[in-house]
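Undergrad: Predicted model follows, preceded by the sequence.
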Amino acid sequence: MPQGEREHLLRVNGAPVRVGCDPSRSLLDVLRSELSLTGTRAGCEAGQCGACFVLVDGRAVSSCDTPMWSVQGKSVTTVEGLGDAQRPHPLQRAFVDEQAAQCGYCTSGLLISAAALLARNPDPDADEVKAALERNLCRCGSHNRVVRAVLRAARG
């Protein structure tokens, strides 16, 4: 392994992963470049917009400012880990049903934040959904549809 690199062991979408890289490299960069998990988006790259959110041990975090050393031994779930076309996560299905995505750039981060919310509170009200999604920026104006989609997924 090149000088300055370290081996990082973690779980990504339920599978054990071993990545050799600089410990300060961002989780976002490793997910997209090394693991080809491109559903997680690079937005502001300053932890301010929510486009790069992933779950780390069940908590929504911005992967753009999360260094690899901090996820050693942890479980990371990306939007690809929520579900797929054959078995979509209830949130993914609800986002489609409510037409909650416009351009789609922020959608993966919104789905991750919503999944974290529903894991800790399976029956949120609209105000709790809005609060949980506060860190996710969307410029398309689909906020009301996103809230309806999260509430729909919570109802089952």
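TA: Nice, thanks for sending it over.
Undergrad: State the distance from the residue nearest to the spatial centre of the chain to residue 71.
TA: Centroid-nearest residue in the chain, with Cα atoms, centre = their mean: residue 54, separated by 2.9 Å. Distance, residue 54 to residue 71, using Cβ to Cβ, to the nearest Å: 9 Å. Backbone N, C-alpha and C define where each C-beta goes, glycine included.
Undergrad: how about residue 60, what does it touch?
TA: Applying Cβ atoms under 8 Å, 6 or more residues apart in numbering to residue 60 gives the contacts 53-54, 112-113, 115-116, 135.
Undergrad: Counting neighbours, which of those residues comes out on top?
TA: residue 53 (32 neighbours; other Cβ atoms under 10 Å).
Undergrad: Show the backbone phi and psi for that residue.
TA: phi -60, psi 140 (degrees, to the nearest 10).
Undergrad: can you give me the helices in this structure?
TA: 27-29, 79-82, 90-97, 107-120, 126-132, 143-155 (DSSP state H).
Undergrad: avg pLDDT for stretch 51-66?
TA: The pLDDT scores in stretch 51-66 average 98.
Undergrad: Span of that stretch from start to end?
TA: Chord length of stretch 51-66, first to last residue, is 14 Å (Cα to Cα, to the nearest Å).
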